[in-house]
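Asker: Prediction below, plus the sequence it came from.
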Amino acid sequence: VCSRWIPHNLSIAQKKARVDEPESKQKSTVWVFQDEPNPTKVARAGSTSKQMVACFFGKSGHVAIVPLQQHSTVNFEWYTIICLPVVFQGIRKSNRRRRITLHHDNANSNTSAQTTEFLSTQNIDLMSHPPYSPDLTPK
């Protein structure tokens, strides 16, 4: 214990947590008789693991779903080496002669020079993304 007062500047969230903590502990109290054993407290199971996927749609419907490995990020390598070949295979399964046009948003993996170069070597057209389109980039 320190004999000197140290002032704390608490944020609003910290002040709220300081008040809410005793309430949450009070909710877990249970009245029991002296001869009864204390009830066991059941711990909640951890949440299920989540997985990020990239979904692709065409005018005729669903084309492909490509899962991302756990704890990894979308970058141009994953996008060009793993993701796009699966998408192209799904599109060409229905029509081999049709020219492919992709509509990308402005994500780094989509706009990188390596991705653009890969798409040009594969003969893929890109549809430009409008900068302020509320229907394509909802809030």
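Answerer: Here it is on my side, so go on. Numbers count the residues shown, from 1 in each chain.

Asker: rest of the way, CA atoms for contacts and neighbours
Answerer: Fine.

Asker: could you pull out the helices for the chain?
Answerer: For the chain, the helices defined by DSSP state H occupy 12-27, 76-77, 84-94, 108-111, 113-121.

Asker: Let's have those in TSV, adding mean pLDDT.
Answerer: Conversion of these to TSV gives the following (pLDDT from 0 to 100):
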stretch	mean pLDDT
helix 12-27	72
helix 76-77	92
helix 84-94	89
helix 108-111	88
helix 113-121	92
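
Asker: Export these as JSON lines, with columns for distance to residue 127.
Answerer: Formatted as JSON lines, the helices of the chain follow (distance: least, Cα to Cα, whole Å):
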{"stretch": "helix 12-27", "distance to residue 127": "44"}
{"stretch": "helix 76-77", "distance to residue 127": "18"}
{"stretch": "helix 84-94", "distance to residue 127": "16"}
{"stretch": "helix 108-111", "distance to residue 127": "12"}
{"stretch": "helix 113-121", "distance to residue 127": "12"}
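
Asker: Mind listing what's buried along stretch 86-95?
Answerer: Within stretch 86-95, the residues scored as buried using 16 or more other Cα atoms under 10 Å are 86-88, 90-91.

Asker: ok, now stretch 110-119?
Answerer: Within stretch 110-119, the residues scored as buried using 16+ other Cα under 10 Å are 110, 115-116, 118-119.

Asker: center of the protein - which residue?
Answerer: With distances taken as Cα atoms, centre = their mean, residue 52 lies nearest the centre of the chain, 5.7 Å away.

Asker: Could you double-check that that one lies in contact with residue 67?
Answerer: Yes: Residue 52 is within contact range of residue 67, at 6.1 Å (criterion: Cα atoms under 8 Å).
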